[in-house]
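*Asks:* Please work out how this folds:
(2 chains)
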There are 2 protein chains.
Amino acid sequence: MTSGFKTVASGTITSPQGFLAGAVKAGIKSQKGLDLGVLYSEVPCAAAGVFTANAIKAAPVILSQRHLHGRSARAIVVNSGCANACTGDSGVADAEEMASLVAEKLGLSLEDVLVASTGVIGVSLPMERVRASIPQIRITRDGGHELAAAMMTTDTFAKEIAVFVGAEPGGFTIGGVAKGAGMIHPNMATMLCFLATDAAVDADFLQLALQEAVDASSNMITIDGDTSPSDMAVILANGLAGNEVINDSNGGAFHKALGEVCLYLAKCIARDGEGATKLIEVTIDGALMETEARLAARTIAGSPLVKAAIHGSDPNWGRIVAALGRSGAQVIETKLDLYLNNVCVMRQGNPVPFDKKKLRISLAGKEVFLRLHLNLGEDRATAWGCDLSEEYVTINSAYTT
Amino acid sequence: MTSGFKTVASGTITSPQGFLAGAVKAGIKSQKGLDLGVLYSEVPCAAAGVFTANAIKAAPVILSQRHLHGRSARAIVVNSGCANACTGDSGVADAEEMASLVAEKLGLSLEDVLVASTGVIGVSLPMERVRASIPQIRITRDGGHELAAAMMTTDTFAKEIAVFVGAEPGGFTIGGVAKGAGMIHPNMATMLCFLATDAAVDADFLQLALQEAVDASSNMITIDGDTSPSDMAVILANGLAGNEVINDSNGGAFHKALGEVCLYLAKCIARDGEGATKLIEVTIDGALMETEARLAARTIAGSPLVKAAIHGSDPNWGRIVAALGRSGAQVIETKLDLYLNNVCVMRQGNPVPFDKKKLRISLAGKEVFLRLHLNLGEDRATAWGCDLSEEYVTINSAYTT
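*Replies:* Next up, the predicted model:
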């Protein structure tokens, strides 16, 4: 993390004051392990969320959007193994019952509970297991790690972080947890990402800050180009840090720290893409407009041909330029400079000779940096993705069977 | 082929009268075999072309667009193994020299010769081999098969067809040849596709008919979502069939036959996608607008998660609905019907129970049909793609090394 805030050791979503979490093994996902969890704030929270732009919305997305209408919430219930998407009216009823069971357990009103589900689409939740399991969830102050585990599907590691912002006293903590690892190409939203802070934050400002943080992080990652109907990012702010309420006049440090937390989680997701062995960072410099820089960076990070070449440490850079060309961004070929891990392979549209063997060795590392300078304007953007491996196909050719 | 025209046995690009072709092994591609070929018409031709919408255009695309300005041409020279793209001014000079060598060999003017190249991007053509090889190309009346072979890169079979339209006398022949098999997601253009006919066709009508045929065929296939800078479809019409000149008042049969030829070649390309084992046909019915039906069909055909599921014969149909939802087409979830190989798995937005084992067996076939009825309007579209296999990744992780 950059300066101005510091990473909390073993930080998680329950690192901020007043947040508790826990999870159980309900038997919803076929893999072993936790699959149903709850996050809870001891006091009321300002809340904000951004949700999938997919025209098909999972039942929990529909319900949580409705419950967030009042810009407040106190709990989130999440399961993995079943997305409760494409499940019709009964799916929405199931999501509502999940919220209701948690509200009852914690003495909250129904609208205080948000719901998130991730897993197979088109299958109904095994509600008997949900009903039997929710009362068994034990929530504790260090239960964030359990919640992170309960959200995982094909993720190979839990994605968690917490940062402490400012000085004591007067400082506050932001914690976050996210899950990937397939159907990742967030569009005006994100995969599942939960954030909690003990800062007191104005609800309108919270929504704005979350949207901006997501736009620069989750919305700039791609694993396979497929936007999920279940995407959601939600933040709860309970104010227990006792700080002056943060709004757009004094929100700089909060804004920046939230951005870093979201970016960290987004990069974790990209790094842990299904079958991935490398993180790919694509930077577009010198664009005429930021929207075009974003589009170009994301198109390149999403190109299966670029991803497969990087997987093989093959400096087949023509594919990067080809993906740029189809991205829709304004491009003048004779102005393009291209760098692979800081090695210039194209200058002003012409190939530059390079040491192929040396570059292959460099591309074999765990992080690969692609940088294109369009030399047209001042705008820039960065996107993150992962390589495309045979393992991705193997995972995804037998997901439900 | 449908009625009104008949497929010519062993038909190829030289099946129409007055077309000759041939190829040599110039040593441009590392794989063994033919890699440099020429198509030639004994008499002047009306000509039309559509080219890649990629902002990065290969040198042969720039040159051929220029040469097609007068709507006439008599020869095409094509090589595989090197795309001559991202090669700067010297790339355009190389393409022009290729055209010039062919013009000299055949006694044509420079503008009569079109150029196409396919293969690795960012590498210059080995011009000494080109210079030495062009004079050695022997063109013959049955040389179309050689031309088809010379265009292949990772293609596993040549893509050729010829159809005879109408009755003798008065009928005419259309021949075509195309190549795939990666970086295939044509956008207002196509991969390499050459067409020849001995029909007399008005040049303006020819351009229109080609554009429409390509829109319904090549522009509706996708292998990996990557649009190539080298895409081009070109048709030459030499009039040797002696028919009345075809224009928009009498062009129905020609139009239809050209559409079928382009469709046949496009489906060959989809079927032969890199690493592919199956052809996937996606039909969207009941859309509000044809543009939306096209967008939805192509998005689904291009979804890596859908493609990987089909590869594993996994009836994981939620991915199809998720891809529809992110396509941008207007969708009302509660109106959706979805069929996999004619088995209904979703009706009016609700899952329909089906025999999973039976559907798995059916999905194991060489052709898989996905049909979504949006139940919103009257428009429809069909797109074609292929499954995503581990082999695709293997091919593309070591293409230049």
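
*Asks:* Which residue ranges make up each domain of chain A?
*Replies:* Structural domains annotated on chain A: A:5-271, A:279-396, as defined by automatic domain parsing.

*Asks:* and those as TSV, adding distance to residue B:111 and mean neighbour count?
*Replies:* All C-beta spots, glycine's among them, are computed from the backbone N, C-alpha and C. TSV is the format used below for those (distance: least, Cβ to Cβ, whole Å; neighbours: other Cβ atoms under 10 Å in any protein chain shown):
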stretch	distance to residue B:111	mean neighbour count
domain A:5-271	41	22
domain A:279-396	24	21
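
*Asks:* Distance to chain B and mean pLDDT for those - can I get that in JSON lines?
*Replies:* Shown next, in JSON lines, are the domains of chain A (distance: least, Cβ to the nearest Cβ, whole Å; pLDDT from 0 to 100):
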{"stretch": "domain A:5-271", "distance to chain B": "2", "mean pLDDT": "92"}
{"stretch": "domain A:279-396", "distance to chain B": "2", "mean pLDDT": "95"}
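
*Asks:* Any chance of CSV for those domains, columns distance to residue B:15?
*Replies:* Listed next are these as CSV, based on distance: least, Cβ to Cβ, whole Å:
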stretch, distance to residue B:15
domain A:5-271, 40
domain A:279-396, 33
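
*Asks:* Go through these and name the closest to residue B:180.
*Replies:* domain A:279-396 (13.3 Å; Cβ to Cβ).

*Asks:* quick one: which of the domains of chain A is nearest residue B:330?
*Replies:* Between the domains of chain A, domain A:5-271 lies closest to residue B:330; by Cβ to Cβ that is 7.5 Å.

*Asks:* Start and end of that closest one, how far apart?
*Replies:* Length of domain A:5-271, first residue to last, Cα to Cα, to the nearest Å: 24 Å.

*Asks:* could you pull out the helices for the stretch 201-350 of chain A?
*Replies:* A:203-215, A:252-271, A:290-302, A:304-311, A:318-326 (DSSP state H, counting those that start in this stretch).

*Asks:* Identify the residues contacting the fourth one?
*Replies:* Contacts of helix A:304-311 with the rest of the structure, by Cβ atoms under 8 Å, 6 or more residues apart in numbering or on different chains, involve A:277-278, A:280, A:300, A:315-316, A:319-320, A:322-323, A:363, A:368, A:370, A:385-389, B:182-183, B:224-226, B:304, B:392-393, B:395-397, B:399-400.

*Asks:* Try it again at 7 Å.
*Replies:* Contacts with helix A:304-311, where a contact means Cβ atoms under 7 Å, 6 or more residues apart in numbering or on different chains, come from A:277-278, A:280, A:300, A:316, A:319-320, A:323, A:363, A:368, A:385, A:387-389, B:182-183, B:224-226, B:304, B:393, B:396-397, B:399.

*Asks:* Mind checking which of those residues are in strands?
*Replies:* The members of the contacts of helix A:304-311 that map onto strands under DSSP state E are A:280, A:368, A:385.

*Asks:* residue at max distance from the center of chain A?
*Replies:* residue A:353 (38.3 Å; Cα atoms, centre = their mean).

*Asks:* number of nearby residues for residue A:277?
*Replies:* Other residues near residue A:277 come to 15 when the count uses other Cβ atoms under 10 Å in any protein chain shown.

*Asks:* how close does it get to residue A:367?
*Replies:* 11 Å (Cβ to Cβ, to the nearest Å).

*Asks:* list the contacts for residue A:12?
*Replies:* Residue A:12 makes contact with A:144-145, A:148, A:160, A:162, A:175, A:177, according to Cβ under 7 Å, 6+ apart.

*Asks:* again, 6 Å this time
*Replies:* A:144-145, A:160, A:175 (Cβ atoms under 6 Å, 6 or more residues apart in numbering or on different chains).

*Asks:* how far away is it from residue A:33?
*Replies:* 17 Å.

*Asks:* ok, now residue A:185?
*Replies:* Shown here: residue A:185 relative to residue A:33, a distance of 26 Å by Cβ to Cβ.

*Asks:* again with residue A:220
*Replies:* Taking Cβ to Cβ as the criterion, residue A:220 is separated from residue A:33 by 30 Å.

*Asks:* Then residue A:11?
*Replies:* According to Cβ to Cβ, residue A:11 and residue A:33 sit 22 Å apart.

*Asks:* Need the nearest residue in space to residue A:318, chain neighbours excluded.
*Replies:* The shortest distance from residue A:318 to any non-neighbouring residue, by Cβ to Cβ, 6 or more residues apart in numbering or on different chains, is to residue B:121 (2.3 Å).

*Asks:* pretty sure the one you found is touching residue A:316, no?
*Replies:* No. Residue B:121 lies out of contact with residue A:316 (Cβ atoms under 6 Å); the separation is 7.8 Å.

*Asks:* about what we covered before: now do the same contact list for the residue nearest to residue A:318.
*Replies:* Residues near residue B:121 by Cβ under 6 Å, 6+ apart: A:318, B:83, B:85-86.

*Asks:* With distance to residue B:152 as extra columns, can I get those in JSON lines?
*Replies:* Formatted as JSON lines, the contacts of residue B:121 follow (distance: Cβ to Cβ, whole Å):
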{"residue": "A:318", "distance to residue B:152": "19"}
{"residue": "B:83", "distance to residue B:152": "14"}
{"residue": "B:85", "distance to residue B:152": "18"}
{"residue": "B:86", "distance to residue B:152": "22"}
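
*Asks:* can you put the residues you listed in JSON lines and add secondary structure and distance to residue A:262?
*Replies:* What follows is the contacts of residue B:121, written out as JSON lines (DSSP: H, G, I helix; E, B strand; the rest coil; distance: Cβ to Cβ, whole Å):
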{"residue": "A:318", "secondary structure": "helix", "distance to residue A:262": "33"}
{"residue": "B:83", "secondary structure": "coil", "distance to residue A:262": "39"}
{"residue": "B:85", "secondary structure": "coil", "distance to residue A:262": "37"}
{"residue": "B:86", "secondary structure": "coil", "distance to residue A:262": "35"}
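
*Asks:* Pull the most distant pair out of those.
*Replies:* So for the contacts of residue B:121, where distance means Cβ to Cβ, the most widely separated pair is B:83 and B:86, at 8.2 Å.

*Asks:* Would you mind naming the residues that bridge with residue A:178?
*Replies:* residue A:159, residue A:193 (DSSP bridges).
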